[in-house]
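Trainee: sequence first, predicted coordinates after that:
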Amino acid sequence: MLKLENIHKTFDDFNIQNVNLSVDEGDYYVILGKSGTGKTLILEMIAGLLLPDKGQIWLNKKDITNAKVKDRNVGLVFQDYAIFPHKSVFKNIAYPVKGKKQLKERVSSLAKQTGVEHLLHRFPSTLSGGEVQRTVLARTLAAEPKVLLLDEPLTSLDVQFKKELQGLLRELNRQGKTIVHVTHDYEEALSLANKVAVMHEGKVVQQGKVNEVFRNPANKFIADFVGIRNFFNARVLSSSNSTHKVARINDKVSVAFLNQTVNGEECIITIDARHVILSPHKLDSTALNNYKGEVLDVIPSVNGLEVIIDIGVEIAAIITSASYQRFQLDKGKEVWVSFKASAVKVGGIS
Amino acid sequence: MYKISITRLVFTVLGAIVLLFILAPLLGMFLQTEFPQLIETARDDKVAESIRLTLITSALGTLFFAILGIPLAYLLARKNFPLKRIVLGIIDLPVVIPHTAAGIAILGFISRGTPVGQAASSLGLNLVGHPIGIALAMAFVSIPFLINSARDGFENVPVRLEQAAMNLGASPVRVFFTVSLPLAWRHIVSGMILMFARGMSEFGAVIIVAYHPMIAPVMIYERFGTYGLEYARPAAVLFILVSLVFFIILRMLSGKNHAKTRKYT
């Protein structure tokens, strides 16, 4: 439904080159990239705040490349929010609503959905960052945009707000809202997106379904950037245990993780290689996940050494060279692998 | 014991001299004026009429040129165009021109022979010696204060907010009236107060365009020229008092606005 074709834009010291993106109805599309790679500029071009030098932007088969900002019907939530400081929460949300009829009902239903219904009479200067964020989201939804464009929506929120807002965004997407979300954080991409595009220096270097991109990084840059070695498709087992859940990887390895929202039974599991502990004997520790395995390979990496161990599936651990020497973790050596349930991140595939 | 730095002491003394320089002549004038004199002057119809005329002409000139000047201030704050620097220079011109010279220019502009004068006389108006002519002279020398202040105000409104409004489907006109104007309002009001004050106090340009009907500064000058200091002083004190009352009221009104905006930004 939203298509970018051969978008070029030249700035003094920076270029956007040949960007092609294709977002389908109902997609949660994450554009992933470090800061300064042009992600925000892409959103601004979709919204019409910036015009591309070359290329076309299509929305529902209509060429909107040069359409007026107000006529595009794409809702952009700015990273710095851009809440109207002189209007109450109610008036902010009511701003794009056309017609006075049922204005109150419309605003209160949006406020309820975004969790700001108790703040309607307040002014922005008295709100927390998370509350401002929600107000702006409600205001953008009030315009009934065809696509929701989010610029780093979770970056400046604390952990609690982040989780709540993630839940809200997931819910909006589930209700059918098409979302394009820009971030530098691959965990956001994992837990929210069904499709992802990785940007680097003004170019899209890889795009596709989340698990394809993360499983098969097209090049070393993407692999390093997404920073994930331990990436598995898994199936959540129904479990009566209330403290944690269990997922099976390839029907071979069971992994315990903490209760999180999972879309259905199929899921993606990632384990940060820095949190994987290796030891010569089975550890008596609080870690729920312990496996016996064999060292397959040792690769030098930016942060030390990356040790690949076969525990039924291949898992990577990042260790220092001092540890490597001390435990002599050469190829073929038997070793115990452990990591905490809380080190396991779970994302859904939808 | 507090240790006072020498620098701070010197600066304070120098500052005190400046304050004294401003306050001493004014206080002297007030102290030398007796209350019965003041009452008597206030009862003089000519004095009351001239003060009233001064307030009205300056206020109407300010309002009229605010309607013309605020959109210009917005353009100057937001758009870049060729010769923008020259336009900015033109706006500041009235500040650097000697005011009697400005009066001569305005007189030449509105007298009967000119297109403006002819247009006015076709409506049965002679702008020379007319309150409208006075208002124009006042506005000529004071409009830079309004435009520059309004431009500052618009420049302080984040472009992001205007972009957000457009993204929400608002037309440029709606963006201007619902976002830009309210957020720049404090600067605009303060510019209008400055323009109003500056227009009220204008003497040089007005006396050339219209000696009669008499505005307060001309009336004070005439009293001084004809009867001397003793006679002019109560009129001057009265004019200052009326002006002060107006400015305090206006400042309080805009101050309220100020407090509100600051609280919520």
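Mentor: Sure, I can see it. None of these values were measured; they are calculated from a predicted model.
Trainee: burial count for the residue nearest to B:Glu202 when sequence neighbours are not counted?
Mentor: Beyond its immediate neighbours in the sequence, the residue positioned closest to B:Glu202 (CB to CB, 6 or more residues apart in numbering or on different chains) is B:Met138, lying 5.0 Å away. Just so you know, the C-beta spots here come from the backbone N, C-alpha and C atoms, and that holds for glycine as well. One way to gauge burial is a neighbour count; for B:Met138, by other CB atoms under 10 Å in any protein chain shown, it gives 30.
Trainee: swap in A:Ser108?
Mentor: The tally of other residues near A:Ser108 (other CB under 10 Å) stands at 15.
Trainee: avg pLDDT for stretch B:188-196?
Mentor: Stretch B:188-196 carries an average pLDDT of 94.
Trainee: can you pull the contacts of the residue of the stretch 1-150 of chain B found nearest chain A?
Mentor: Proximity of the stretch 1-150 of chain B to chain A (CB to the nearest CB) peaks at B:Arg78, 14.1 Å away. Contact partners of B:Arg78, counting by CB atoms under 8 Å, 6 or more residues apart in numbering or on different chains, are B:Phe154, B:Val159.
Trainee: redo that, cut-off 7 Å
Mentor: With contacts defined as CB atoms under 7 Å, 6 or more residues apart in numbering or on different chains, the neighbours of B:Arg78 are B:Phe154.
Trainee: pull out the buried residues from stretch A:185-194.
Mentor: Buried residues in stretch A:185-194, counting neighbours by 16 or more other CB atoms under 10 Å in any protein chain shown, are found at A:Tyr186, A:Glu187, A:Glu188, A:Ala189, A:Leu190, A:Ser191, A:Leu192, A:Ala193, A:Asn194.
Trainee: what residues go with each domain of chain A?
Mentor: Structural domains annotated on chain A: A:2-225, A:230-347, as defined by automatic domain parsing.
Trainee: would the first one count as contacting chain B?
Mentor: Think domain A:2-225. Yes: contact between domain A:2-225 and chain B is present through A:47, A:49, A:69-70, A:75-76, A:78, A:80, A:82, A:84-86, A:95-96, A:123-125, A:139, A:143 (criterion: CB under 7 Å from any CB of the partner chain).
Trainee: all strands of the stretch 101-250 of chain A, in order?
Mentor: Under the criterion DSSP state E, counting those that start in this stretch, strands of the stretch 101-250 of chain A are mapped to A:147-151, A:178-183, A:195-200, A:203-209, A:230-237, A:244-249.
Trainee: tabulate these (CSV), appending mean pLDDT and mean neighbour count.
Mentor: Formatted as CSV, the entries for the strands of the stretch 101-250 of chain A read as follows, by pLDDT from 0 to 100; neighbours: other CB atoms under 10 Å in any protein chain shown:
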stretch, mean pLDDT, mean neighbour count
strand A:147-151, 96, 24
strand A:178-183, 95, 24
strand A:195-200, 91, 24
strand A:203-209, 90, 18
strand A:230-237, 82, 18
strand A:244-249, 84, 19
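Trainee: helices of the chain, start to end?
Mentor: The chain I'm using is chain A. Listed in chain order, the helices of chain A (DSSP state H) span A:39-47, A:89-94, A:103-114, A:129-142, A:159-174, A:186-192, A:210-215, A:220-226, A:321-327.
Trainee: if you could check chain B rather than the one you did, that'd help
Mentor: For chain B, the helices defined by DSSP H cover B:6-32, B:35-43, B:45-78, B:84-96, B:99-110, B:115-122, B:131-155, B:159-167, B:172-175, B:181-200, B:204-209, B:216-227, B:229-264.
Trainee: low-confidence ranges in the chain?
Mentor: In the absence of a named chain, chain A is used. A:215, A:219-221, A:223-228, A:239-242, A:259-264, A:302-303, A:348-350 (pLDDT under 70).
Trainee: please go with chain B instead
Mentor: Answering for chain B: the residues below the bar, that is pLDDT under 70, span B:1-2, B:255-265.
Trainee: hmm, 90 instead?
Mentor: The model of chain B has pLDDT under 90 over residues B:1-5, B:34, B:95, B:111-114, B:116-117, B:121-129, B:212, B:230, B:246-265.
Trainee: from B:Val189, how far out is the residue nearest to the spatial centre of it?
Mentor: Centroid-nearest residue in chain B, with CA atoms, centre = their mean: B:Met195, separated by 2.0 Å. Note on B:Met195: its distance to B:Val189, by CB to CB, to the nearest Å, is 11 Å.
Trainee: over to B:Val209?
Mentor: In this view, B:Val209 and B:Val189 are 28 Å apart by CB to CB.
Trainee: those two: which is more packed in?
Mentor: B:Val209 (27 against 21).
Trainee: show me what contacts that one?
Mentor: Counting by CB under 7 Å, 6+ apart, B:Val209 touches B:Gly103, B:Ile106, B:Leu107, B:Val128, B:Gly133, B:Ile134, B:Ala137.
Trainee: out of those residues, which one sits closest to A:Arg170?
Mentor: Of all the contacts of B:Val209, A:Arg170 sits closest to B:Ala137, with 67.1 Å by CB to CB.
Trainee: neighbours around that closest one, how many?
Mentor: 31.
Trainee: please apply the same query to the one 10 residues further on.
Mentor: Here the count is done by other CB under 10 Å, and B:Ile147 has 22 residues near it.
Trainee: please tell me how far it sits from B:Val141.
Mentor: Relative to B:Val141, B:Ile147 is positioned 13 Å away (criterion: CB to CB).
Trainee: can you list contacts of stretch A:232-240?
Mentor: Outside stretch A:232-240, the residues that touch it by CB under 7 Å, 6+ apart are A:211, A:245-249, A:255, A:262, A:265-269, A:313.
Trainee: ok, and the closest non-adjacent residue to residue 157?
Mentor: In the absence of a named chain, this looks at chain A. Nearest in space to A:Leu157, with sequence neighbours left out and distances taken as CB to CB, 6+ apart, is A:Gly130 at 5.4 Å.
Trainee: chain B was what I was after
Mentor: Counting by CB to CB, 6+ apart, the nearest residue to B:Val157 once its immediate chain neighbours are dropped is B:Leu183, at 4.5 Å.
Trainee: and B:Ile147, how close does it get to A:Asp63?
Mentor: 41 Å.
Trainee: actually, B:His130.
Mentor: B:His130 sits at a distance of 58 Å from A:Asp63 (criterion: CB to CB).
Trainee: enumerate every residue touching B:Ile106.
Mentor: B:Ile106 makes contact with B:Leu136, B:Ala137, B:Phe140, B:Ala205, B:Val209, according to CB under 7 Å, 6+ apart.
Trainee: hmm, 10 Å instead?
Mentor: With CB atoms under 10 Å, 6 or more residues apart in numbering or on different chains as the criterion, the residues that contact B:Ile106 are B:116, B:127-128, B:133-134, B:136-141, B:205-206, B:208-209.
Trainee: what does B:Val157 give?
Mentor: Residues near B:Val157 by CB under 10 Å, 6+ apart: A:Pro85, B:Tyr74, B:Ala77, B:Arg78, B:Val179, B:Ser180, B:Leu181, B:Pro182, B:Leu183, B:Ala184, B:His187.
Trainee: ramachandran angles for it?
Mentor: Comment: the main-chain dihedrals of B:Val157 come out as phi -80, psi 120, following degrees, to the nearest 10.
Trainee: and it, how far from B:Pro71?
Mentor: With distances defined as CB to CB, the gap from B:Val157 to B:Pro71 amounts to 14 Å.
Trainee: ok, now A:Phe214?
Mentor: When A:Phe214 is compared with B:Pro71 (using CB to CB), they lie 53 Å apart.
Trainee: compare the two (neighbour count), which wins?
Mentor: A count of neighbours by other CB under 10 Å puts A:Phe214 above the other of A:Phe214 and B:Pro71, at 25 against 12.
Trainee: I'd say the more buried one and A:Thr270 touch.
Mentor: Yes: A:Phe214 sits in contact with A:Thr270 when judged by CB atoms under 10 Å, with a separation of 7.9 Å.
Trainee: if we can go back for a sec, now which of the contacts of B:Val157 would you call buried?
Mentor: Using 16+ other CB under 10 Å as the burial test, the contacts of B:Val157 include A:Pro85, B:Tyr74, B:Ala77, B:Val179, B:Ser180, B:Leu181, B:Pro182, B:Leu183, B:Ala184, B:His187 as buried.
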